[in-house]
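Novice: Show me how the following folds:
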Amino acid sequence: MSQLDPLVNSRGFSPNGRILATESFNECVHIWNIDTWGPVNIHLRSLLEQLKEIRLVRNIRASQQKKIFTNWINAQLELADQNDFEEPLLGTFLQGGVNADNVEARLATIFKDGESLYRVKDLYKDLSDGRVLLRLLEFYTGRKISLSRGTMRVHSIENVGKALDQMKQMNIHPENIGPTDIVDGNVHLILGLIWIFILNFQVSNSSM
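Specialist: Predicted structure coming up:
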């Protein structure tokens with residue numbers, strides 16, 4: 001990328017939503033390209049010089065945030081699919097350590113009709129049952145989290161509650177966000193929750 005857009009701050013977006021910056025306390029901050037989710041470094045002084053032209057992230061239209069956050073989640077889910085199936089399971093199968101039936105059974109939990117079961121099309125709807133949130137947290141923690149597979153509201157609330165509890169166990173505390181907020185499609189709080197995911201998990205997983 002030859003030129004950086006004006007930035008919001010060390011935790012914000014540029015006005016056109018193309019650049020995301022992560023917080024840093026040294027002389028360099030890590031800038032994330034929305035298209036590639038690759039890091040770009042910029043000197044803090046250069047960043048500070050642009051602050052006069054900044055708009056806060058909350059001023060960006062919710063529709064624009066929704067598009068950006070949907071792309072980010074799907075990129076993470078794709079990594080989760082690769083991490084969960086392609087690398088360990090398929091590799092072990094090719095070495096003769098797993099039979100074809102086990103591979104097929106595992107594949108059925110990730111893909112259906114050639115498409116991943118974990119892809120977000122409508123951010124507010126697809127997060128409401130908690131399954132995507134738990135899928136992401138399994139990827140980040142490397143631990144299996146039990147899932148309520150029912151389709152009733154109570155099952156969705158249970159799944160989202162498990163996701164929020166898991167985040168608290170990781171010392172991540174989403175303030176004023178409860179399971180019903182996500183299940184009921186609260187736009188503001190869902191966007192806030194995904195922003196918390198980005199701040200806490202994007203940097204650590206960029207090195208995978």
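Novice: can you list the weak-confidence ranges in this structure?
Specialist: By pLDDT under 70, the low-scoring segments of the chain are 1-60, 84-116, 203-208.
Novice: Kindly report the domain assignment for it.
Specialist: Domain segmentation of the chain under the TED database yields 8-39, 51-87+120-206.
Novice: which other residues reach the strand or helix carrying Leu164?
Specialist: Leu164 belongs to helix 153-169 when assigned by DSSP states H and E. Outside of helix 153-169, the residues that reach it under the criterion Cβ atoms under 8 Å, 6 or more residues apart in numbering are 128-131, 133-134, 137, 141, 145-149, 173-174, 177-180, 182-183, 196. Glycine gets a C-beta too; all of them are placed from N, C-alpha and C.
Novice: Is it possible to mark the buried ones in those residues?
Specialist: Buried residues within the contacts of helix 153-169, defined by neighbour count using 16 or more other Cβ atoms under 10 Å: 128-131, 133-134, 137, 145, 147-148, 174, 177, 179, 182-183, 196.
Novice: Would you mind listing the two of these that lie farthest apart?
Specialist: Largest separation among the buried ones among the contacts of helix 153-169 by Cβ to Cβ: Ser148 and Ile196, giving 22.6 Å.
Novice: Could I get the full set of strands for the protein?
Specialist: Taking DSSP state E, the strands of the chain run over residues 19-21, 28-33, 39-43, 111-112, 115-116.
Novice: quick one: which of the contacts of helix 153-169 sit in helices?
Specialist: Counting by DSSP state H, the part of the contacts of helix 153-169 found in helices is Arg131, Leu133, Leu134, Leu137, Thr141, Pro179, Thr180, Ile182, Val183, Ile196.
Novice: thought Leu134 was touching Arg143?
Specialist: No. Using Cβ atoms under 8 Å, Leu134 is not in contact with Arg143; the gap is 10.7 Å.
Novice: Could you check how far Phe139 is from Asn83?
Specialist: 6 Å (Cβ to Cβ, to the nearest Å).
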